[in-house]
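Enquirer: return a 3D structure for these sequence lines:
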Amino acid sequence: MDPRATGPYPYSPIVDRPKLTWPNNAKVALWVIPNIEFYALNQRIGPNFADPPDVPAFAVRDYGARVGIWRIMDVMSRFGVRGTVALNSDVCDQYPQIIEKCVALDWELMGHNYANTRRLSVMEPAEERETVLGTIDRIERASGRRPAGWMGAGGQESWNSLDFFVEAGLKYVGEWVADDQPFLMDPIKGRQLVALPYTMEINDIPIFEYKHHTPQEFEGMVKRQFDVLYREGAESGRVMAIALHPYLIGLPHRIDSLTAVLEYITGHKDVWLATGEEITDHYLSQLGG
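Expert: Okay, the predicted model is just below:
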């Protein structure tokens, strides 16, 4: 993609589009995205963190892999909700039991860089291309299924990322949080990626780490988000994304808020419990793609 002032997709007011329908006339497609990540102890966790080894920052996140993700899996399974995992491919080597369980649960795995300590936006093109293709290849080898989607670490891309996603054979991306419905990106080499409505709002990092909300406030925010999308979805289908991080929502004092919101949402009729690839494929079928 050439540098530009606007996004790599046309402007499209949601009120001017054809009606979007989901299977069985569902009003909302529920898309739950657990981010299962690896942070290397010998690398800086993030720009505002201490030099390595940053033991507290590492250990908190390692808790998510050792304990938190297993709580999340239990809760989601209770309500028949399959995850679409934003997966650092280093998890395949560092936490193979998690990959085995994801496969057993029929969760979808999408690319999310090798690890969360290095982002596409700081890489030279050759390194970025190798990272994208290598991440997808490693997940395919570990799971037996080639990923269809990508969510960059930190939600970051470079001007070259979309080209590499197309080269990797991906169908959809999650970084472009510009809508409540899927939409088509501009063509790249004759192919159009779908942008799925990931969320930086109904996301436990900004909710708990940045805005310091309580579990009760998290529960209320998610329910209110769903109520509006469910109401609007009666006219044209919407996507309800919930982004989770095991080291946050997987803590004992927070996990019951996830139970409460999934019980609430799945207690409504006309809700489609879907993965990212399922949403993408159905959206494309509406376009004749």
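
Enquirer: ok so Leu109 is a strand residue?
Expert: Yes. Under DSSP: H, G, I helix; E, B strand; the rest coil, Leu109 falls within a strand.

Enquirer: quick one, what contacts it?
Expert: Leu109 makes contact with Thr84, Val85, Leu87, Ile99, Cys102, Ile139, Ser143, Arg145, Pro147, according to CB atoms under 8 Å, 6 or more residues apart in numbering. C-beta here means a position set from N, CA and C on the backbone, and glycine is covered the same way.

Enquirer: repeat that with 6 Å
Expert: Counting by CB atoms under 6 Å, 6 or more residues apart in numbering, Leu109 touches Val85, Leu87, Ile139, Ser143, Pro147.

Enquirer: what about the helices in the stretch 151-289 of the chain?
Expert: Listed in chain order, the helices of the stretch 151-289 of the chain (DSSP state H, counting those that start in this stretch) span 161-167, 204, 215-232, 246-249, 255-266, 276-287.

Enquirer: what helices or strands is the third one leaning on?
Expert: Put plainly, it is helix 215-232. strand 238-244, helix 255-266 (3 or more CB pairs under 6 Å, 6 or more residues apart in numbering; DSSP states H and E).

Enquirer: who touches that helix?
Expert: Lys27, Val28, Ile202, Ile207, Arg238, Met240, Arg254, Ser257, Ala260, Val261, Tyr264, Ile265.

Enquirer: check the first one too.
Expert: Applying CB under 6 Å, 6+ apart, the external contacts of helix 161-167 come out as Met1, Leu120, Arg129, Val132, Trp150, Ile188, Lys189, Arg191.

Enquirer: which of the three states applies to the most centrally placed residue in the chain?
Expert: Centroid-nearest residue in the chain: Ile33, 4.3 Å away (criterion: CA atoms, centre = their mean). Using three-state DSSP, the structure places Ile33 in strand.

Enquirer: what sits against it?
Expert: Ile33 sits next to Thr84, Ala86, Ala243 when contact means CB under 6 Å, 6+ apart.

Enquirer: out of the contacts of helix 215-232, who's nearest Gln181?
Expert: Gln181 lies nearest to Arg238 out of these, by CB to CB, at 6.4 Å.

Enquirer: measure that closest one to Glu217 for me?
Expert: Taking CB to CB, to the nearest Å as the measure, Arg238 and Glu217 are separated by 23 Å.

Enquirer: then Arg146?
Expert: To Glu217, Arg146 is 39 Å away according to CB to CB.

Enquirer: burial check on Thr135, number of neighbours?
Expert: When neighbours are counted by other CB atoms under 10 Å, Thr135 registers 25.

Enquirer: for the remainder of this discussion, apply numbering that starts at 16.
Expert: OK, 16 is where the count begins now, so the last one is Thr150.

Enquirer: where does it land in three-state SS?
Expert: At Thr150 the chain is in helix, as set by three-state DSSP.

Enquirer: before we move on, back to that, who has more neighbours, Arg253 and Glu232?
Expert: Between Arg253 and Glu232, counting by other CB under 10 Å, Arg253 is the more crowded of the two (24 against 14).

Enquirer: for that one, which non-adjacent residue is spatially closest?
Expert: Distances taken as CB to CB, 6 or more residues apart in numbering place Leu244 nearest to Arg253, at 4.2 Å, with adjacent residues excluded.

Enquirer: cool, Phe53 as well?
Expert: The shortest distance from Phe53 to any non-neighbouring residue, by CB to CB, 6+ apart, is to Asp105 (4.1 Å).

Enquirer: count of residues packed around the one you found?
Expert: For Asp105, the neighbour count with other CB under 10 Å is 20.

Enquirer: residues contacting it?
Expert: Contact partners of Asp105, counting by CB under 6 Å, 6+ apart, are Phe53, Tyr129, Ala130.

Enquirer: that older thread, need the contacts of Ile48 in a markdown table (columns: pLDDT and neighbour count).
Expert: Converted to a markdown table, the contacts of Ile48 look like this (pLDDT from 0 to 100; neighbours: other CB atoms under 10 Å):
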| residue | pLDDT | neighbour count |
| --- | --- | --- |
| Thr99 | 98 | 28 |
| Ala101 | 98 | 28 |
| Ala258 | 98 | 25 |
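
Enquirer: so which of these comes closest to Glu123?
Expert: Thr99 (4.4 Å).

Enquirer: which stretches in the stretch 66-215 of the chain count as strands?
Expert: 99-102, 123-126, 164-165, 187-188, 198-199, 209-210 (DSSP state E, counting those that start in this stretch).

Enquirer: circling back: any idea how far the residue nearest to Arg253 is from Met125?
Expert: Distance from Leu244 to Met125, by CB to CB: 22 Å.
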